[in-house]
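> need coordinates for the below:
(chains A and B)
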Number of protein chains: 2
Amino acid sequence: MKTYGVILAGGGGTRFWPLSRQELPKQLLNLTGKDLMVNETIDRLDGNVDKDDIFVVTNTTQVELMLEATAGRVCADHVLAEPAARNTAACIGYAAMEILKKYGDGIMCVLPSDHYIKKTDVYKQVLADAIRIAQKTDALVTIGIQPTFPSTGYGYICHAQEKALDGYYPVKRFVEKPNLQTAKEYLLSGEYLWNSGMFIWKASVIMHYFEELLPDIYECIQKIGQVLGTEKEKDVIADVYPQIPKISIDYGIMERADKVLVLEGDFGWSDVGSWDALEALYDKDEYGNITYGEQVHIDTHDCIIYAKNKLVTTIGLDSVVVVETEDAVLVCDKNRAQEVKKIVEALQDCNKRQYL
Amino acid sequence: MKTYGVILAGGGGTRFWPLSRQELPKQLLNLTGKDLMVNETIDRLDGNVDKDDIFVVTNTTQVELMLEATAGRVCADHVLAEPAARNTAACIGYAAMEILKKYGDGIMCVLPSDHYIKKTDVYKQVLADAIRIAQKTDALVTIGIQPTFPSTGYGYICHAQEKALDGYYPVKRFVEKPNLQTAKEYLLSGEYLWNSGMFIWKASVIMHYFEELLPDIYECIQKIGQVLGTEKEKDVIADVYPQIPKISIDYGIMERADKVLVLEGDFGWSDVGSWDALEALYDKDEYGNITYGEQVHIDTHDCIIYAKNKLVTTIGLDSVVVVETEDAVLVCDKNRAQEVKKIVEALQDCNKRQYL
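Alright, predicted model coming up:
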């Protein structure tokens, strides 16, 4: 059975504003200094998925940029464009139908396009294990990240205590982002992993769960499936897609399915959810700073300073994020980097659309 | 006897970096939002000095910009260019000689070009008093600022307790920038005023003091005086000026002269010595911030934010200075705004001359 990569790359970027923009989301940024995040995601599939079997799901407004960015890596007709953002269940269902209809059943590796993984070799091995288990068990397999601190920013997966010979745990439940106290308890219990959003299953198996658990979405996907590869394809997708109920695959299927397995992953993962998460990607200098671009510092500690075009200078700063781009500057308490989206909301409210 | 304005405008700007530059010093900035500081200084002479009797002393590298900036306010041949920066005694001596030689004796109002004065009417009255007293007494007259807080950033003037009928005090001594404890004692004593650097005297009187107290400088000035108005003028100035000893008028004459009087000034004065001094010029918003340009703030208090070109956004900042200009960004603890010159020094050290 063939293995496919399905990379979810439709998100709009607000958390890395002012670097990320509506039409330049995080997955199209080079945050590591090596390559665009989506391309790093694609390249990490090497060894587990053939280049020709990788799909990228994005939205119509980003599709041009995505084709350009992934040219040479992904076949143009494997870049699927959603005409409307309908959350992850919709785009996974769409990709599953595309695979089933055009290529036949296969293992889908559903992967976020904008996460960071430090130890690629370890990751590849875990993914290989997940593919093998998905093939063998007909289960929904996910990769849970071994927590390294009591994060309140990630969802968790609670698993059974006993590990199978094949290295997986049966999943007991998915839980929402906890408060700090609960997160500490999770960490101590040894039964919780971070939800990485990486899912591995047969296209036929997830389609079965759509039918069982999300019949409304299943019906829409079927309508699309009936015209895939015909001249009606584009029109029907444009018509049907916006009607698909908005629900995440986590809520819609993972939390409710009867056969969900999790494999532990310990490969230096981060969802890079905000500017302060760059600390997972970069080594700090002797003062605890992470810096990019031209800068001069005096007595500056534990800061993240990103200078795209201009010289950035600082005096007497502690734990501050400074980001400079073509048209905007952000200066933010590092402990409040999650609130960058509030700036984006404020810009929307005062109709400064050129900065979105 | 005629009254002349002599505006000292030769300083290089480092304290308002990145807005001020070597060739765009503070006196050529519009920090008040109304006009360039040098032009505000010129305009404040209205009523006490005729427009045609105003001189501006600058240096050769700034003279073009200064002529452009002051066009229509100051006669081009009253913009005196120093071929080398030799501190204030030199340029005051040069201006005094220019006046004596070309126009005859008169009252010189020697004024810094880059200070802020809130209450112009009060200032004009004090200056009128100073001119009258300088004419009547042949003393060196200065204006001392009524201290409003125990500043450690200003020099002080200690005066006799008894005020003359004409409203002046005899000066006992000039003192350097004190530490905080001493500054508090000065404030309590009621005998200390801030040294504003504004001096009013007859050209002939200050020339007499040069001869008596600074004979080396006097000799150089005489050499220049002998050729003023001749075709040799430019060459001799270029030759002699760089040889003039570097000394301030405060050290060289004011602290040592026998007849120095001070008039109290209470007109909302600031030397605007660093970014945090903008608090003397602007009203704060409801969060204690002073802002200029396009910006969006979240939970930001007591900051000074200057956005020249780009959108500047902040989250969770307290007492921070943020300055954005064409090619540089400064983010600085407000209590350390005096250290901006260290950035300029660092840029010199690493030979980033384009930012100086």
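> partners of residue A:169 in the sheet?
residue A:262 (DSSP bridges).
> any idea how far it lies from residue B:99?
Distance of residue A:169 to residue B:99, given as Cβ to Cβ, to the nearest Å: 92 Å. Where you see a C-beta, it was placed from the backbone N, CA and C, and this is true even at glycine.
> okay, these two: which has more neighbours?
Using other Cβ atoms under 10 Å in any protein chain shown, the more surrounded residue of residue A:169 and residue B:99 is residue B:99, with 24 against 21.
> around chain B, which positions in the stretch 151-300 of chain A sit nearby?
Neighbours of chain B within the stretch 151-300 of chain A, by Cβ under 8 Å from any Cβ of the partner chain: A:296, A:298-299.
> most neighbours among the residues you listed, which one?
Counting by other Cβ under 10 Å, top hit in those: residue A:296 with 22 neighbours.
> before we move on, what SS does that one have?
strand (DSSP: H, G, I helix; E, B strand; the rest coil).
> residues touching the residue nearest in space to the middle of chain A, list them.
Centroid-nearest residue in chain A: residue A:112, 2.6 Å away (criterion: Cα atoms, centre = their mean). The neighbourhood of residue A:112, defined by Cβ atoms under 8 Å, 6 or more residues apart in numbering or on different chains, consists of A:7-8, A:41, A:196-198, A:271.
> redo that, cut-off 7 Å
A:8, A:197 (Cβ atoms under 7 Å, 6 or more residues apart in numbering or on different chains).
> and it, how far from residue A:11?
Counting by Cβ to Cβ - residue A:112 and residue A:11 are separated by 8 Å.
> now do residue A:261
Distance from residue A:261 to residue A:11, counting by Cβ to Cβ: 26 Å.
> my read is that residue A:18 contacts residue A:323, right?
Yes: counting by Cβ atoms under 7 Å, residue A:323 is a contact partner of residue A:18 at 6.1 Å.
> so what sits against both of these two?
With Cβ under 7 Å, 6+ apart, residue A:18 and residue A:323 have common neighbours residue A:330.
> what about the helices in the stretch 151-300 of chain A?
With DSSP state H, counting those that start in this stretch as the criterion, the stretch 151-300 of chain A has helices at A:180-189, A:203-213, A:215-227, A:233-240, A:249.
> OK, contacts around the closest residue to chain B within the stretch 1-150 of chain A?
With Cβ to the nearest Cβ as the measure, residue A:18 is the residue of the stretch 1-150 of chain A nearest to chain B, at 7.3 Å. Residue A:18 makes contact with A:323, A:325, A:328, A:330, A:355, according to Cβ under 7 Å, 6+ apart.
> remind me which helix or strand it belongs to.
Assigning secondary structure by DSSP states H and E places residue A:18 outside every helix and strand.
> which strand is the longest one in chain A?
strand A:192-202 (DSSP state E).
> show me the shaky parts of chain A.
Applying pLDDT under 70 to the predicted model, chain A contains no residue that meets it.
> switch the cut-off to 80
For chain A, the stretches flagged by pLDDT under 80 are A:12-13.
> now residue A:151. Nearest residue, chain neighbours left out?
Nearest residue to residue A:151, sequence neighbours excluded (Cβ to Cβ, 6 or more residues apart in numbering or on different chains): residue A:183, at 6.1 Å.
> and residue A:68, how far from residue A:12?
Taking Cβ to Cβ, one finds residue A:68 at 18 Å from residue A:12.
> what is the burial count for the nearest residue to residue A:308 once chain neighbours are set aside?
What sits nearest to residue A:308 in space, not counting adjacent residues and going by Cβ to Cβ, 6+ apart, is residue A:325, at 4.9 Å. By the criterion of other Cβ under 10 Å, residue A:325 has 20 neighbours.
> check contacts around residue A:325.
A:18-19, A:308.
> one step back: okay, residue A:261 and residue A:11: which has more neighbours?
Remark: of residue A:261 and residue A:11, residue A:261 carries more neighbours, 24 against 19, as counted by other Cβ under 10 Å.
> wait, that one sits on residue A:134?
No: applying Cβ under 7 Å, one finds residue A:261 not in contact with residue A:134, separated by 8.4 Å.
> report the set of residues contacting both of those two.
In contact with both residue A:261 and residue A:134: residue A:141, using Cβ under 7 Å, 6+ apart.
> apart from its neighbours in sequence, what residue is nearest residue A:160?
Using Cβ to Cβ, 6+ apart, the nearest residue to residue A:160 is residue A:170, at 4.5 Å.
> ok, the one you found to chain B distance?
According to Cβ to the nearest Cβ, to the nearest Å, residue A:170 stands 42 Å off from chain B.
> for stretch A:139-155, how far is the first residue from the last?
Counting by Cα to Cα, to the nearest Å, you get 21 Å between the two ends of stretch A:139-155.
> which outside residues touch it?
A:126, A:130, A:133-134, A:157, A:168, A:174-180, A:183-184, A:187, A:192-196, A:198-201, A:205, A:254, A:257, A:259-266, A:269, A:273.
> return the member of the residues of the stretch 151-300 of chain A next to chain B nearest to residue A:234.
Comparing these against residue A:234 with Cβ to Cβ places residue A:296 closest, at 53.1 Å.
> for the closest one, give me its contacts.
Per Cβ under 7 Å, 6+ apart, neighbours of residue A:296: A:311, A:313, B:343, B:346-347.
> on that earlier part again, make CSV from the contacts of residue A:18 and add secondary structure to it.
Converted to CSV, the contacts of residue A:18 look like this (three-state DSSP):
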residue, secondary structure
A:323, strand
A:325, coil
A:328, strand
A:330, strand
A:355, helix
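> same list, these, but as JSON lines with distance to residue A:239 please.
Below are the contacts of residue A:18 laid out as JSON lines (distance: Cβ to Cβ, whole Å):
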{"residue": "A:323", "distance to residue A:239": "41"}
{"residue": "A:325", "distance to residue A:239": "38"}
{"residue": "A:328", "distance to residue A:239": "38"}
{"residue": "A:330", "distance to residue A:239": "40"}
{"residue": "A:355", "distance to residue A:239": "33"}
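> next up, the contacts around residue A:323.
A:18-19, A:275, A:306, A:329-330.
> who's it bridged to?
residue A:306, residue A:330.
> got the contact list for the longest strand of chain A?
Outside strand A:192-202, the residues that reach it (Cβ under 7 Å, 6+ apart) are A:105, A:107-112, A:130-131, A:134, A:138, A:140-147, A:151, A:154-159, A:174, A:186, A:249, A:262, A:264-265, A:269.
> take the helices of the stretch 151-300 of chain A and lay them out in TSV including mean neighbour count.
Converted to TSV, the helices of the stretch 151-300 of chain A look like this (neighbours: other Cβ atoms under 10 Å in any protein chain shown):
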stretch	mean neighbour count
helix A:180-189	14
helix A:203-213	20
helix A:215-227	18
helix A:233-240	15
helix A:249	25
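> can you say which of those helices is nearest to residue B:94?
Residue B:94 lies closest, by Cβ to Cβ, to one member of these: helix A:180-189, at 68.9 Å.
> hey, C-alpha coordinates of the closest one in PDB?
These are the backbone C-alpha positions of helix A:180-189, laid out as PDB (Å, rounded to 0.1, in the frame of the first residue of the first chain):
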ATOM      1  CA  LEU A 180      -0.700  25.400  34.800                       C
ATOM      2  CA  GLN A 181      -1.600  23.200  37.800                       C
ATOM      3  CA  THR A 182      -3.300  20.600  35.600                       C
ATOM      4  CA  ALA A 183      -0.300  20.700  33.200                       C
ATOM      5  CA  LYS A 184       2.000  20.000  36.000                       C
ATOM      6  CA  GLU A 185      -0.100  17.000  37.100                       C
ATOM      7  CA  TYR A 186      -0.100  15.700  33.500                       C
ATOM      8  CA  LEU A 187       3.700  16.000  33.400                       C
ATOM      9  CA  LEU A 188       4.100  14.100  36.600                       C
ATOM     10  CA  SER A 189       1.600  11.300  35.700                       C
END
